[in-house]
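Asks: Using only what follows, build the 3D model:
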Amino acid sequence: MDSTQRSQPQLVEWVTPAVLAFCVALPMFVLLAKVVFGLPVAAKVVGDPAVIELYTLRATTGDQFLGPYSRFGFHHPGPLAFYCLAPFYLAFGMTYGALCVGALVLNLASLFGIAVVVWRVAGPGRWPWSCAAIVAYVVYLGPTVLVSAWNPDMAILPLAFSLVSFAAVMAGHTAYLPAAVLAASFAVQSHLTCAGPIACVAFLSLVALIVRRGKRQAEPSSPTSRVVRHVMIAAILGVVVWMPPLIEQVRDDPGNFTLILRFLGEGHGQRSLGSSLLAVATQASAFLLGPFGPGSQSEPSPTLLPILGTIAAALIFLLLLGALCGWRGRDAFALALCGSSICLLVVGLVVTRAITGRLHPYLVRWVSAVGLLSSIAIVAAFFPPRWASLRRRGLQLAVCAALVVTTAALALRQAVRFPTLSESIPSASPDRLSDATVSALAARGVYRPHVRILSQRSWEQGAGVVLQCVKAGRLPSVDPTWLFMFGEACRFRGADDGVLLVADPTMAAQLTRERAAELVATSGNGSVFLAMTERAPVRELRFDSLESEVYLRGGFSKPETDPGGGFRWSNGASSSMVLPAAPGPPYQLQVLACPIVVAGLQQGLTVEVNGKRIATVKMKPAWATYTFSVPSYLVRARNLIAFRYSYVRSPYELAGTDDRRRLAVRFRTISLYEVPER
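Replies: Numbering: from 1, shown residues only. So this is what the prediction gives:
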């Protein structure tokens, strides 16, 4: 055989993958170009995107120590995603579109990392088949996920990169350990559900390292300094990226890790095994159906169960067979991939069973990364690194090329048809809402607005308003109920010069009828009202009225009713409100209230006015009126009234209900009036 014949296999083996890599990269760069060119018309955002932009804005000043908020009352473990997005945010004009550019670049980097690991560890002979699986997975995710800065979407591809990198570490390629730690930290800090799979593969990698360490010690000539160096670099990187959440844990009481452990320790029941199996099978195998699959549904139609179940069962069978082949063939990478995939499918089932209630797709979407890992594992197990003949090698590359080019063409079609950035973000109407609100604050000279979000239906618009106020330098505060979302920087600190009420259509109509505040903006399902703090003195205020929303600052629940009329429960160890008055004479503060009754305890109520305690009383176990004298030297034009309680209890503690509010006292009315001259 001459040199030309010998070079033909190498030419086919190395040039064809390069062409396939170009086919994979082209749709991604087309999509990146479209996002970048769409930046000038990027719209303002509301809801979760607004909160993510707010956190990134704080990360640009090094003041973000928490991860994305969770609807379960805690934050995801860390803020690494926001610090990764911050450079793009500063470079592209501090808009949400800049975050989309950053998310796309991070996803492209993860895809590139997966391809490099498979190329270097599995070998170029296996790479085309793995490339076909990667392209199918990208088409399955779709361009919307690739440009999404929403934390459940951003965590998917970094998680896949970390899983592949940890498999390489298990196979003895410890040079990929730092990359695995970085990608895993990004995924876990962005979404807590990634902690299960990361803990699984990290444990398997540790076991593999210990076993290999023992074998090296049995062979004195075998060097270990390189492994130690890789482990040290990974440890240093891990400490650096986990430092902000550790600082927050030590600084705050309770810290976020404490809240996470408390939530996990409460126990939330188990989901049925059948629905959990269906969810895992969907996520692990749906991408194999390409763009014609059921997407990211967690609970597809039962008619798909036979198809998905068959694919998932075949996947597990092939993984078991592949693990056996890897063991017999001494192929450490194939064995690591197959073994990890099997363990991760079990972890996915355990995690999915723990999600009760409606099974949100984004809570189990990480399992789709296990499907990609399984496909790469099967390729590694059943396709040897080098085929025996040029004919077989050419057939392999021809089939893979056809798969990759076809799927890449579909991806390119999606990328070309992907709408401009302003069209992809459903927030054209909040543009007008937040802009009009900021303009109204500027016109009235309000620099410290207190934002009250009156219902769950209006929280998305409220998030957009808070973000735009921060960007305009208006320093908003919010009620303690919403601090878990907006952070301690938005805590009310005893001073404001205006109140913004963000209302849904029903409450907006009632506020308009009662003339409790001035309407400054309305758009779609949201309206914003502004009430200035310089208001007429209050004689008597009913806590169940919408007018009371203007004066409350924190520590109160929503209005309720009983046979005696409307009232509000306190919520937490203290409550606060602001009442206007005319300084000069002494006043009397009068409240109609009733404590929560707990056997063996008597509620104590402490009243503070403008930071000074004026009285502490023992409350009767029924509705009663309590009167407190306010000296003239404490009276101001606006008076901060604070109530503190000797104990709080939740209905969950007392009666086992789902109500976990920390209740102490019910308030019906409050009055602040001058003491008549004698």
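Asks: which residues are contacting stretch 432-445?
Replies: Contacting residues not belonging to stretch 432-445 are listed as 44, 46, 446-447, 449, 461, 464-465, 467-469, 472, 474, 497-498, 500, 520-524, 526, 528, 530, 532 [Cβ atoms under 8 Å, 6 or more residues apart in numbering]. All C-beta atoms are positioned from the backbone trio N, CA, C, and that covers glycine.
Asks: Can you flag which of the residues you listed belong to strands?
Replies: Members of those lying in strands (criterion: DSSP state E): 449, 498, 500, 520-523, 526, 528, 530.
Asks: Closest to Leu204 out of these?
Replies: Ranked by distance to Leu204 (Cβ to Cβ), those are led by Gly526 at 48.9 Å.
Asks: What is the burial count for the closest one?
Replies: 25 (other Cβ atoms under 10 Å).
Asks: Pull up the gap between it and Gly464, please.
Replies: 8 Å (Cβ to Cβ, to the nearest Å).
Asks: so where's the stretch 51-200 of the chain uncertain?
Replies: Along the stretch 51-200 of the chain, segments meeting pLDDT under 70 span 124-125.
Asks: residue ranges of the helices in it, please?
Replies: When secondary structure is read from DSSP state H, counting those that start in this stretch, the stretch 51-200 of the chain shows helices at 80-91, 96-117, 127-146, 151-154, 156-170, 177-190, 195-218.
Asks: could I get the ones in strands among the contacts of stretch 432-445 as CSV with pLDDT and distance to Ala133?
Replies: Shown next, in CSV, are the ones in strands among the contacts of stretch 432-445 (pLDDT from 0 to 100; distance: Cβ to Cβ, whole Å):
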residue, pLDDT, distance to Ala133
Pro449, 90, 52
Gly498, 85, 56
Leu500, 89, 50
Val520, 86, 54
Ala521, 82, 49
Thr522, 82, 50
Ser523, 77, 45
Gly526, 82, 44
Val528, 89, 49
Leu530, 88, 55
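Asks: and which of those residues is nearest to Ala184?
Replies: Lowest distance from Ala184 to the ones in strands among the contacts of stretch 432-445 (Cβ to Cβ) belongs to Gly526, with 38.9 Å.
Asks: beta partners for that closest one?
Replies: Gly526 has these beta-bridge partners by DSSP bridges: Ser523.
Asks: I'd say it and Trp459 touch.
Replies: No. Contact criterion Cβ atoms under 8 Å: Gly526 and Trp459 do not qualify, at 9.9 Å.
Asks: can you list residues touching both of those two?
Replies: Val502.
Asks: Can you give me the buried ones in stretch 439-446?
Replies: By 16 or more other Cβ atoms under 10 Å, the buried positions in stretch 439-446 come out as 440-441, 446.
Asks: Compute the distance between Ala582 and Arg515, please.
Replies: For Ala582, the distance to Arg515 - Cβ to Cβ - is 22 Å.
Asks: For the residue minimising distance to the centre of the chain, list the residues it contacts.
Replies: With distances taken as Cα atoms, centre = their mean, Pro68 lies nearest the centre of the chain, 4.0 Å away. By Cβ under 8 Å, 6+ apart, the residues touching Pro68 are 51-52, 55, 75-76, 81, 151, 190-191.
Asks: Now render these as TSV, adding neighbour count and distance to Gly322.
Replies: Formatted as TSV, the contacts of Pro68 follow (neighbours: other Cβ atoms under 10 Å; distance: Cβ to Cβ, whole Å):
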residue	neighbour count	distance to Gly322
Val51	23	43
Ile52	26	39
Tyr55	26	41
His75	25	39
His76	25	33
Ala81	29	33
Asn151	24	33
Ser190	27	30
His191	27	29
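Asks: Mark out where each domain of the protein begins and ends.
Replies: Using automatic domain parsing, the domain parsing of the chain gives 37-422, 427-533, 536-678.
Asks: quick revisit: could you turn the buried ones of the ones in strands among the contacts of stretch 432-445 into a PyMOL selection?
Replies: Restricted to buried positions by 16+ other Cβ under 10 Å, the PyMOL selection for those reads:
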select buried, resi 449+498+500+520+521+522+523+526+528+530
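Asks: what's the farthest-apart pair in the ones in strands among the contacts of stretch 432-445?
Replies: Maximum pairwise distance in the ones in strands among the contacts of stretch 432-445, criterion Cβ to Cβ, is 19.9 Å, between Gly498 and Ser523.
Asks: wait, which of the ones in strands among the contacts of stretch 432-445 is closest to Leu106?
Replies: Of all the ones in strands among the contacts of stretch 432-445, Leu106 sits closest to Gly526, with 31.5 Å by Cβ to Cβ.
Asks: what residue ranges in the stretch 201-350 of the chain are flagged as low confidence?
Replies: The stretch 201-350 of the chain contains residues with pLDDT under 70 at 213-224, 267-269, 288-305, 308-309.
Asks: Can you list the residue ranges for helices in it?
Replies: Using DSSP H, counting those that start in this stretch, helices in the stretch 201-350 of the chain cover 225-251, 256-266, 273-285, 305-328, 332-353.
Asks: To Arg660, which of the ones you listed lies closest?
Replies: helix 256-266 (9.6 Å).
Asks: Sort out which residues of that closest one are buried, please.
Replies: 256-257, 259-260.
Asks: Quick check: of these, which lies closest to Phe161?
Replies: Using Cβ to Cβ, Ile260 comes nearest to Phe161 of the buried residues of helix 256-266, at 24.1 Å.
Asks: Now do the same contact list for the closest one.
Replies: 74, 77, 192.
Asks: Angles on the backbone of the first one, please.
Replies: For Phe74, the backbone dihedrals (degrees, to the nearest 10) come out as phi -130, psi 180.
Asks: what residues are up against the residue nearest to it when sequence neighbours are not counted?
Replies: Leaving aside its chain neighbours, Phe74 sits nearest to Leu259 (4.0 Å; criterion: Cβ to Cβ, 6 or more residues apart in numbering). Residues near Leu259 by Cβ under 8 Å, 6+ apart: 73-75.
Asks: From Pro583, how far out is Leu259?
Replies: Remark: distance between Leu259 and Pro583 (Cβ to Cβ) = 42 Å.
Asks: same deal with Arg668?
Replies: In terms of Cβ to Cβ, Arg668 sits 27 Å off from Pro583.
Asks: Now do the contacts for Leu159.
Replies: Neighbour list for Leu159: 183-184, 187, 194, 197-198, 366, 369 [criterion: Cβ under 8 Å, 6+ apart].
Asks: And those residues, which is closest to Cys594?
Replies: Each of the contacts of Leu159 was scored against Cys594 by Cβ to Cβ, and Cys194 proved nearest at 46.6 Å.
Asks: I'd guessed the closest one sits against Trp366; true?
Replies: Yes. Counting by Cβ under 8 Å, Cys194 does reach Trp366; the two are 5.5 Å apart.
Asks: where do the contact lists of those two overlap?
Replies: 155, 159, 187.
Asks: residues near the last one, how many?
Replies: It stands for Ala187. 30.
Asks: so it touches Ala199, yeah?
Replies: No. Using Cβ under 8 Å, Ala187 and Ala199 do not qualify as a contacting pair, with a distance of 11.7 Å.
Asks: returning to what we had before: who has more neighbours, Arg668 and Pro583?
Replies: Shown here are Arg668 and Pro583; by other Cβ under 10 Å, Arg668 has more neighbours (19 against 12).
Asks: From what I see, the more buried one and Trp623 are in contact.
Replies: Yes. With contacts defined as Cβ under 8 Å, Arg668 counts as touching Trp623 at a distance of 7.2 Å.
Asks: what is in contact with these two at once?
Replies: 564, 592-594.
Asks: Which member of those is positioned nearest Ser545?
Replies: Nearest member of the shared contacts of Arg668 and Trp623 to Ser545, counting by Cβ to Cβ, is Leu592, at 13.8 Å.
Asks: For that closest one, give me the backbone phi and psi.
Replies: In terms of degrees, to the nearest 10, the main-chain angles of Leu592 are phi -100, psi 110.
Asks: can you check the one 3 residues further on too?
Replies: Backbone dihedrals for Pro595, given as degrees, to the nearest 10, come out at phi -80, psi 160.
Asks: What is the burial count for it?
Replies: 25.
Asks: OK, contacts around it?
Replies: Residues in contact with Pro595 (Cβ under 8 Å, 6+ apart) are 603, 605, 619-621, 664-666.
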